[in-house]
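In: give me a model of this one.
(chains A and B)
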There are 2 protein chains.
Amino acid sequence: MTVLLGVDWGSSSLRVFRIAADGSILDTRRAADGVFTGSGSYESRLRAVLGDWLTDAVPILLCGMVGSDRGWMHAPYIAAPAGIADLARALVDVPFERPAWIVPGICFADGEIREVMRGEETLIAGFLARETAAHATICLPGTHSKWADIVDGRIAGFRTYMTGEVRAALLERGALATGMEQRHATDAFAQGLRSAETGVTRALFQARARRLLGMLAPEHTAAFVDGVLIGDEIARETALSPTLAARGPIADAYAAAFALGGRFCRIVDPEPLAARGLLELAHRAGIVAPV
Amino acid sequence: MTVLLGVDWGSSSLRVFRIAADGSILDTRRAADGVFTGSGSYESRLRAVLGDWLTDAVPILLCGMVGSDRGWMHAPYIAAPAGIADLARALVDVPFERPAWIVPGICFADGEIREVMRGEETLIAGFLARETAAHATICLPGTHSKWADIVDGRIAGFRTYMTGEVRAALLERGALATGMEQRHATDAFAQGLRSAETGVTRALFQARARRLLGMLAPEHTAAFVDGVLIGDEIARETALSPTLAARGPIADAYAAAFALGGRFCRIVDPEPLAARGLLELAHRAGIVAPV
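Out: Residues are numbered from 1 along each chain as shown, chains lettered A, B, ... in the order given. Just a heads-up that it's a prediction; the model follows:
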């Protein structure tokens, strides 16, 4: 039985799920209706994707860019250190035909450095809800990879790397674009990893130079670039055995990078984490009564 | 009086100049007819831009991507260490209505690292032709910034950073794009420089986080990104007082980055270097008799 409707509404996509009392996902719907890509009122867009699920007489909890200052309703960042209780206290009520709230993002300052996350805090809340270790480092790789330090069950601080965005921007056009379908290649990935120590902008050019000189096949360019960018990222992260919330090729790539560096990571499936995190926040906020 | 017609034919533009016996440029013509952007035969394209200059009964020397394996005629890379004499010996004859040759590029291997340049070797030849110091480090900033070590009057080795390409790719679209005209800002540039020590992909995200948190004006994004990328580049280069072949805002940016790091660089105008290099190579190859 559904106890909560969860909504993960990011920049470029929308995912809704029916969440059961144990945090499991009963049903999922997806739409390419992102906060910054869709049109029409947020109310009508959410109504369209939820459809008949609205007959479930349960509250709704949303996370992601939908709470940004350009989203449906601004749910201002709360400052790290922050945990589930801090997030639950800062939910922002949003007017809809069902009771609905938005989860805030988290910001972090370290000297002059500034960090922001919005959406990832909910996945991490899902991780914290089922994790027994008080201390951990969790990596959420992607367009903007996040590395969060968990101390005493709260997000103590975090770091962001533009790994996925740099990858996509450079492979799409310019000197590294090939117009060819890319294939996985362990050797090219390892070459990229080793190159990372010369720095990202120099190592990236290696993909071009080695292609021109016959050391790298054009269809292995992406594998080389992944090696450079992931290699640089994990070399800067000192946790001995971080948890990686990822699946598929991206999980394989990070795991391989750790293994080649003589380290290891624990891999968890990110898919159920958002639902689990939303339910945990709903419990803490008193929106859904614990079983 | 013109003794040589010089042609600098790159990926996206074409520049021709009448070169005097002392290496000075008598006249310049430019066209947006790059090796990879124009169409029609190379002969007809070169004839179109040279026009009435073809009545000068002088040879033609070309450099740049026109000599790549996708250009007019392949002038294979020669291996560093290489100097003016080595380049002059490797000119490639190209059939045209006037005697014409193409300058080869230079490649370099250091362990697994590979480097290539094509076009820059001619500017460096121009620098070497008028330079008395046998040892130097010269930087040619741009889409692919080159740093070349001169030892005993030859290019001993060099390094490439994709500084300009990463800058353009990230400012054009995605999380760092603003759609706003960018303005110079010393403070934003200095912020970017200081951020560079956390690594390029992390420091680049700072432009977004600081904008979201009000520490960086949107129109100063490019200045911040320049600080990150140039800061990372010069931090990896150890020469105490390199020569910078650049002019305008890019020269100012590199000079400021050196100054903020307590180092300095000597700036030379890159514009006359290609003509001077082409004439020097023509002398060595016996194409043009020295005065």
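
In: how near is the closest residue to residue A:269 other than its chain neighbours to chain B?
Out: With Cβ to Cβ, 6 or more residues apart in numbering or on different chains as the criterion, residue A:269 has its nearest non-adjacent residue at 5.6 Å, and that residue is residue A:247. Backbone N, C-alpha and C define where each C-beta goes, glycine included. Remark: distance between residue A:247 and chain B (Cβ to the nearest Cβ, to the nearest Å) = 22 Å.

In: burial of residue A:247, as a residue count?
Out: For residue A:247, the count of nearby residues is 13 (other Cβ atoms under 10 Å in any protein chain shown).

In: thought residue A:271 was touching it, still the case?
Out: Yes - between residue A:247 and residue A:271 there is a contact under Cβ atoms under 8 Å: 6.9 Å.

In: list phi and psi for residue A:203.
Out: Per-residue torsions, residue A:203: phi -60, psi -40 (degrees, to the nearest 10).

In: same question, residue A:256
Out: According to degrees, to the nearest 10, residue A:256 has phi -70, psi -40.

In: shouldn't it be in contact with residue A:188?
Out: No - at 11.8 Å, residue A:256 does not count as touching residue A:188 under the criterion of Cβ under 8 Å.

In: so between the two, which is more surrounded?
Out: Using other Cβ under 10 Å as the criterion, residue A:256 and residue A:188 rank with residue A:188 on top: 25 against 17.

In: and that one, its phi and psi?
Out: As for residue A:188, its main-chain torsions (degrees, to the nearest 10) stand at phi -60, psi -40.

In: that one: what's it in contact with?
Out: A:216-217, A:220-221, A:223-224, A:227 (Cβ atoms under 8 Å, 6 or more residues apart in numbering or on different chains).

In: filter these down to just the ones in helices.
Out: A:221, A:223-224, A:227 (DSSP state H).

In: export those to a markdown table and append columns for neighbour count, distance to chain B and pLDDT.
Out: Listed next are those as a markdown table, based on neighbours: other Cβ atoms under 10 Å in any protein chain shown; distance: Cβ to the nearest Cβ, whole Å; pLDDT from 0 to 100:
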| residue | neighbour count | distance to chain B | pLDDT |
| --- | --- | --- | --- |
| A:221 | 25 | 13 | 98 |
| A:223 | 23 | 16 | 98 |
| A:224 | 30 | 12 | 98 |
| A:227 | 30 | 12 | 98 |
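
In: what ranges do the strands span in the stretch 101-250 of chain A?
Out: Ranges of strands in the stretch 101-250 of chain A, per DSSP state E, counting those that start in this stretch, are A:106-110, A:113-117, A:136-140, A:145-151, A:154-161, A:243-245.

In: skipping its backbone neighbours, what lies nearest the residue in the stretch 1-150 of chain A positioned nearest to chain B in space?
Out: Going by Cβ to the nearest Cβ, chain B is nearest to residue A:114 of the stretch 1-150 of chain A, at 4.2 Å. With sequence-adjacent residues excluded and distances taken as Cβ to Cβ, 6+ apart, residue A:114 is closest to residue B:209, at 4.2 Å.

In: and the pLDDT for that neighbour?
Out: Per-residue confidence (pLDDT) for residue B:209: 98.

In: show me the contacts for it.
Out: Listed by Cβ under 8 Å, 6+ apart, the contact set of residue B:209 reads A:107, A:114-116, A:160.

In: equivalent analysis for residue A:291, please.
Out: Residues near residue A:291 by Cβ under 8 Å, 6+ apart: A:21-22.

In: 10 Å - rerun?
Out: Neighbour list for residue A:291: A:3, A:20-22, A:283 [criterion: Cβ atoms under 10 Å, 6 or more residues apart in numbering or on different chains].

In: likewise residue A:119?
Out: So residue A:119 contacts A:8-11, A:63-68, A:103, A:105, A:140, A:146, A:274 (Cβ under 10 Å, 6+ apart).

In: number of nearby residues for the closest residue to it other than its chain neighbours?
Out: Nearest non-adjacent residue to residue A:119, counting by Cβ to Cβ, 6+ apart: residue A:64, 4.0 Å away. For residue A:64, the neighbour count with other Cβ under 10 Å is 26.

In: so what sits against both of residue A:256 and residue A:188?
Out: In terms of Cβ under 10 Å, 6+ apart, residue A:256 and residue A:188 are both contacted by the residues A:226-227.

In: where's the residue of chain A positioned farthest from its centre relative to residue A:201, distance?
Out: Note on chain A: the largest C-alpha distance from the chain mean falls to residue A:213, namely 37.1 Å (Cα atoms, centre = their mean). Remark: distance between residue A:213 and residue A:201 (Cβ to Cβ, to the nearest Å) = 19 Å.

In: what do you get for residue A:46?
Out: Taken as Cβ to Cβ, the span from residue A:46 to residue A:201 is 42 Å.

In: the helices in the stretch 51-200 of chain A, which residues?
Out: For the stretch 51-200 of chain A, the helices defined by DSSP state H, counting those that start in this stretch occupy A:84-89, A:120-130, A:163-172, A:186-195, A:200-212.
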